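> coordinates for the following, if possible.
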Amino acid sequence: MSDHVVQIERLRFSYPDGRRALADISLAVDPGEKLAVVGPNGAGKSTLFLHLNGILRGEGQVQVAGLDVDDKTVRAVRARVGLVFQDPDDQLFSPTVFEDVAFGPLHMGYAPDEVRARVARALAAVGMNGHEEQMPHHMSLGERKRIAIATVLAMDPQILVLDEPSSGLDPRARRNLIRLLRELPQTMLVASHDMRLVWDLCPRTVILDGGRLVADGPTARLLQDEVLMDRHGLETPYSRADKPSA
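Numbers count the residues shown, from 1 in each chain. Model (predicted):
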């Protein structure tokens, strides 16, 4: 069994129209690691993420938390991988915060006391305890994003997969989100066009382009390589004048 919490070997995937989305992707992620996955639109980031819990199946091997992702293991894998979508309204649909966060544990069959405990822990983890009776659609975007993360944390995943977590946030909410994500212990894979978030949150970055993994290394090195970033349609997070030291 691999020591990596995510192990991908030569993953290939094409959509029914023949468009190749992933070509020979190999990637290993260690427990507790925070990894950024960046690239231009259409690079294959979302397609890669959807393989981590079996929503999509390609050729090659995908192993998550020691389990090969297949028909026999997909339920167990999905309990270990929490997907957080770009738009929190894709995850929040109940009348109250409590009901949204309790939805997953209830459908996993936990007893009411355990459900309440999981909701309390998840909301505390995102700094939203005390908001249980609020209506999510009356909350700010930053608050809704926190609640969306809590809905996933309530199921105690080993891995968090986040798609554009800072999209639409004002600077204060963005800083608060980065602080929250830094403190969470789960392994994280983060897709983002926000290179300052990548710099601040993820010590390691991989770059996808055209369905291929074209670079993998320390964030501080890759994101300061202006030629590399420009070649793949990305911007460096800092200008030469204000670039921090690595």
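> what's next to the helix or strand bottoming out on mean pLDDT in the chain, contact-wise?
The weakest-scoring helix or strand in the chain, judged by mean pLDDT, DSSP states H and E, is helix 74-80 (a mean of 90). Contacting residues not belonging to helix 74-80 are listed as 52, 53, 54, 64, 65, 67, 69, 108, 155, 157, 158, 159 [C-beta atoms under 8 Å, 6 or more residues apart in numbering]. Using the backbone N, CA and C atoms, a C-beta is placed for each residue, glycine as well.
> now tabulate those residues in JSON lines and tack on pLDDT and neighbour count.
Shown next, in JSON lines, are the contacts of helix 74-80 (pLDDT from 0 to 100; neighbours: other C-beta atoms under 10 Å):
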{"residue": "52", "pLDDT": "94", "neighbour count": "22"}
{"residue": "53", "pLDDT": "89", "neighbour count": "22"}
{"residue": "54", "pLDDT": "90", "neighbour count": "18"}
{"residue": "64", "pLDDT": "95", "neighbour count": "26"}
{"residue": "65", "pLDDT": "91", "neighbour count": "22"}
{"residue": "67", "pLDDT": "93", "neighbour count": "15"}
{"residue": "69", "pLDDT": "93", "neighbour count": "24"}
{"residue": "108", "pLDDT": "87", "neighbour count": "15"}
{"residue": "155", "pLDDT": "94", "neighbour count": "20"}
{"residue": "157", "pLDDT": "95", "neighbour count": "21"}
{"residue": "158", "pLDDT": "95", "neighbour count": "18"}
{"residue": "159", "pLDDT": "96", "neighbour count": "22"}
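> ok, those residues vs residue 226, which is closest?
Minimum distance to residue 226 across those is 30.8 Å, recorded for residue 52 (C-beta to C-beta).
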